[in-house]
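Trainee: Here is my input; please provide its structure:
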Amino acid sequence: VKQVIIGLQSRNIMSAEKDSSDCSKKQTASHNLRNQEPILHMLRKYIPSDDKNQGPNVQVLEIGSGTGQHAEYMSKNMPNLKWIPTDYDESYRESVQEWTCNLPNVHDWIKLDASSPPEE
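Mentor: Model prediction:
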């Protein structure tokens, strides 16, 4: 299993998307829609696809997942990835869970402060 660490999320003002039919807690950020294709292109350039469809064979630790939009988009477009969303901000947890629910190749959200030294 290969492992990749990637930081994708820039901090901009987010908006909450509230769907009255399911009371969704998805947050959105417009820059995620603009940059998801270029990021996917670069991931495909450096991470080989799994032509045998044997499930995730590369783990990607996303530093600063924010809303969860990238986790959802990348995991759907690259099913050979095991996407691991992280953030230090607890307010994104529910949004990430909403964006990635029912996606078998996305790990549960992890609280991670990448600016702190590792605990011993």
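
Trainee: tell me the contacts of residue 72?
Mentor: Contacts for residue 72 (CB atoms under 8 Å, 6 or more residues apart in numbering) come out as 99-100, 103, 106. (Glycine included, C-beta is placed from N, CA and C.)

Trainee: Show the buried residues in those residues.
Mentor: 99-100, 106 (16 or more other CB atoms under 10 Å).

Trainee: about what we covered before: return the closest of the contacts of residue 72 with respect to residue 42.
Mentor: Nearest to residue 42, judged by CB to CB, of the contacts of residue 72 is residue 106 at 19.4 Å.

Trainee: in stretch 25-33, what counts as buried?
Mentor: In stretch 25-33, the ones that count as buried by 16+ other CB under 10 Å are 25-29, 32.

Trainee: How far does that stretch stretch from one end to the other?
Mentor: 18 Å (CA to CA, to the nearest Å).

Trainee: so residue 77 sits right up against residue 41, yeah?
Mentor: No: contact criterion CB atoms under 8 Å: residue 77 and residue 41 do not qualify, at 10.3 Å.

Trainee: helix/strand/coil for residue 86?
Mentor: Secondary structure assignment for residue 86 (DSSP: H, G, I helix; E, B strand; the rest coil): strand.

Trainee: average pLDDT for the longest helix seen in the chain?
Mentor: The single longest helix within the chain, with elements called by DSSP state H, is helix 30-46. Averaged across helix 30-46, pLDDT comes to 90.

Trainee: In terms of secondary structure, what does it contact?
Mentor: Helix 30-46 is packed against helix 69-77, with contacts defined by 3 or more CB pairs under 8 Å, 6 or more residues apart in numbering; DSSP states H and E.

Trainee: and the helix it packs on with helix 30-46, angle?
Mentor: Orientation check (axes from the mean of the first three to the mean of the last three CA atoms, to 10 degrees): helix 69-77 against helix 30-46 gives 40 degrees.
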